[in-house]
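Peer 1: I'll drop the sequence and a predicted model, then ask my questions.
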Amino acid sequence: MKATVDAPVLFETRAAGEYQIGFATLNVEKALNALSLDMIDLLYEQLLAWQQDDRVVCVMLQGAGEKAFCAGGDIRRLYDSMCESGEGVNSYAVDFFSREYRLDYLIHCYGKPLICWGAGIVMGGGVGLMSGASHRVVTETTRLAMPEINIGLYPDVGGSWFLARMPGRLGKFLGLTAASLNAADTLFTGLADRFLRNDERSELCDALCVEEWTPDSEQNKEQVTQLLRRFEKSSIQGLPVSPLRQHYDLINRLMDHSYLQQCLDDCLKLETEDRWLQRCVKAFANGCPISAHLVVEQIEKCRHLSLKEVFQQELIVSVQCAAKGEFREGVRALLIDKDNAPQWAPKSLDDVVHSTIAEFYQAPWGESPHPLADL
């Protein structure tokens, strides 16, 4: 089964004895495989069909080209919808985020082994696709980030779930600084499982087709684990140094404050020649103050929620972000006018009041059912 080569997502099944392996390829290479609503719907429908097909025993999700697995969601289309809807409820944002989160939740709960090949750029919505896969592979080119603080959003797509479960205060740091992570960093944070070289992808695909598969999905997941472990043995020497691990103790100290302004003040006092740290501090200092507060609020609120409850809460917050103005201003400054001079309001962390943040947790659809009530 193959889709046309110009489709935004390509689907293929390959024979594996009496069974089949499903391959889903994000196919908008020029846009760094950024997720559109059409792509979300195509993925959801096909992944669901493969999950229900007893012949398909394993799925691999990947991106076309060498530059990116997925650089995020289609932010420009969201921006247009925000301009059209003004300060009211944005129906397109409700549709986009609810269908995206429904797809992410399906991947988290997928009943068969699902390998995500996370090479190149993995940001925002791409992290959402990757984080829930049963087997998450990174390579020497992986550059993963949740840079939403730069555009007046916050780490959604399940970010509230996995940031809250990282070692120490790493989740808080990553959400506030939009830090770029290499393969070693992703392994350290638990965002990835295996490190393979880029040039091993084709060989891995071939190996999947000659495995001795069974009708038992749990056994098949273990077979994928063992297969990836064998591949990793020849790759692991190429694993880069992890800046996140190197600076772990420092990061914990910097983030060890109840007030965000104190965290930022300590970051700004750093005297370092480390460019990675410098970029992290700059992003925190220039990021959206409301987004920074949402990062911390989400980590605290979601620490003890179920995955289903996390996605339900994220939908409320994300739709409110699309209505409140900071998200629109951040996208304008970074992607539309490209002046890199967003006019945040409020302008500082200390100027954000609790009542403002509380508004982001009010369901914008009133008494109507939650769009993700049936997850």
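Peer 2: The structure has been received and is ready for your questions.
Peer 1: tell me the SS of the residue lying closest to Q51 once chain neighbours are set aside?
Peer 2: On the basis of Cβ to Cβ, 6 or more residues apart in numbering, the spatially nearest residue to Q51 that is not a chain neighbour turns out to be G111, at 5.4 Å. Where C-beta positions appear, they are placed from N, C-alpha and C, glycine not excepted. Three-state call for G111 (DSSP: H, G, I helix; E, B strand; the rest coil): coil.
Peer 1: mind checking how far G111 is from Y19?
Peer 2: G111 is 15 Å from Y19, where distance means Cβ to Cβ, to the nearest Å.
Peer 1: these two: which is more packed in?
Peer 2: When G111 and Y19 are compared for neighbours, Y19 comes out ahead with 21 against 13, by other Cβ atoms under 10 Å.
Peer 1: dihedrals phi and psi, T13?
Peer 2: phi -120, psi 140 (degrees, to the nearest 10).
Peer 1: tell me the SS of the closest residue in space to it that isn't next to it in sequence?
Peer 2: Nearest-residue entry for T13: Q20, 4.4 Å, with adjacent residues in sequence omitted and distances by Cβ to Cβ, 6+ apart. Secondary structure assignment for Q20 (three-state DSSP): strand.
Peer 1: and Q20, how many neighbours does it have?
Peer 2: For Q20, using other Cβ under 10 Å, the count is 22.
Peer 1: then S202?
Peer 2: S202, neighbours per other Cβ under 10 Å, totals 9.
Peer 1: any idea whether it is helix, strand or coil?
Peer 2: Here S202 is helix, with the state taken from three-state DSSP.
Peer 1: from E232, how far out is it?
Peer 2: With distances defined as Cβ to Cβ, the gap from S202 to E232 amounts to 16 Å.
Peer 1: same question, Q278
Peer 2: 32 Å.
Peer 1: more neighbours: those two, which one.
Peer 2: Set side by side, Q278 and E232 give different neighbour counts by other Cβ under 10 Å, the larger being at E232 (17 against 12).
Peer 1: host element of the residue nearest to A373 when sequence neighbours are not counted?
Peer 2: The spatially closest residue to A373, leaving aside those adjacent along the chain, is Q312, at 7.5 Å (Cβ to Cβ, 6+ apart). Assignment of secondary structure by DSSP states H and E places Q312 within helix 307-324.
Peer 1: list the helices and strands that helix packs on?
Peer 2: Contacts defined by 3 or more Cβ pairs under 8 Å, 6 or more residues apart in numbering; DSSP states H and E place helix 307-324 against helix 75-85, helix 91-108, helix 159-163, helix 289-302.
Peer 1: how about whichever strand or helix holds R253 as CSV, C-alpha atoms only?
Peer 2: Using DSSP H and E, R253 sits in helix 248-254. Coordinates of the C-alpha atoms in helix 248-254 are reproduced here as CSV (Å, rounded to 0.1, in the frame of the first residue of the first chain):
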residue,chain,number,x,y,z
TYR,A,248,22.9,19.4,35.7
ASP,A,249,23.9,20.6,39.2
LEU,A,250,24.1,24.3,38.0
ILE,A,251,20.7,24.1,36.4
ASN,A,252,19.1,22.7,39.6
ARG,A,253,20.6,25.6,41.6
LEU,A,254,19.5,28.2,39.0
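Peer 1: buried set for that helix?
Peer 2: Y248, I251, L254 (16 or more other Cβ atoms under 10 Å).
Peer 1: can you map out the strands along this protein?
Peer 2: Across the chain, reading from the start of the chain, the strands by DSSP state E fall at 9-16, 19-26, 56-63, 68-70, 114-118, 121-123, 135-138, 143-145, 194-195.
Peer 1: show me what contacts the residue lying closest to Y361 once chain neighbours are set aside?
Peer 2: The shortest distance from Y361 to any non-neighbouring residue, by Cβ to Cβ, 6+ apart, is to I316 (6.2 Å). Contacts for I316 were tallied using Cβ atoms under 8 Å, 6 or more residues apart in numbering; they are F360, Y361, Q362, A363, P364.
Peer 1: surely D351 touches P289?
Peer 2: Yes. With contact taken as Cβ atoms under 8 Å, D351 and P289 are classed as touching, separated by 6.8 Å.
Peer 1: neighbour count for these two, which is higher?
Peer 2: P289 (23 against 13).
Peer 1: re earlier: just give me the closest of the buried residues of helix 248-254 to T13.
Peer 2: Looking at the buried residues of helix 248-254 and their distance to T13, the nearest is Y248, at 42.7 Å (Cβ to Cβ).
Peer 1: quick one: the spatially closest residue to that closest one that is not a sequence neighbour from T189, how far?
Peer 2: Leaving out its chain neighbours, the residue that sits closest to Y248 by Cβ to Cβ, 6+ apart is G168, at 6.7 Å. Taking Cβ to Cβ as the criterion, G168 is separated from T189 by 10 Å.
Peer 1: who has more neighbours, the two?
Peer 2: Shown here are G168 and T189; by other Cβ under 10 Å, T189 has more neighbours (21 against 13).
Peer 1: quick one, what contacts the nearest residue to that one once chain neighbours are set aside?
Peer 2: Beyond its immediate neighbours in the sequence, the residue positioned closest to T189 (Cβ to Cβ, 6+ apart) is M166, lying 5.1 Å away. Residues touching M166, when contacts are defined by Cβ under 8 Å, 6+ apart, comprise L174, T189, G190.
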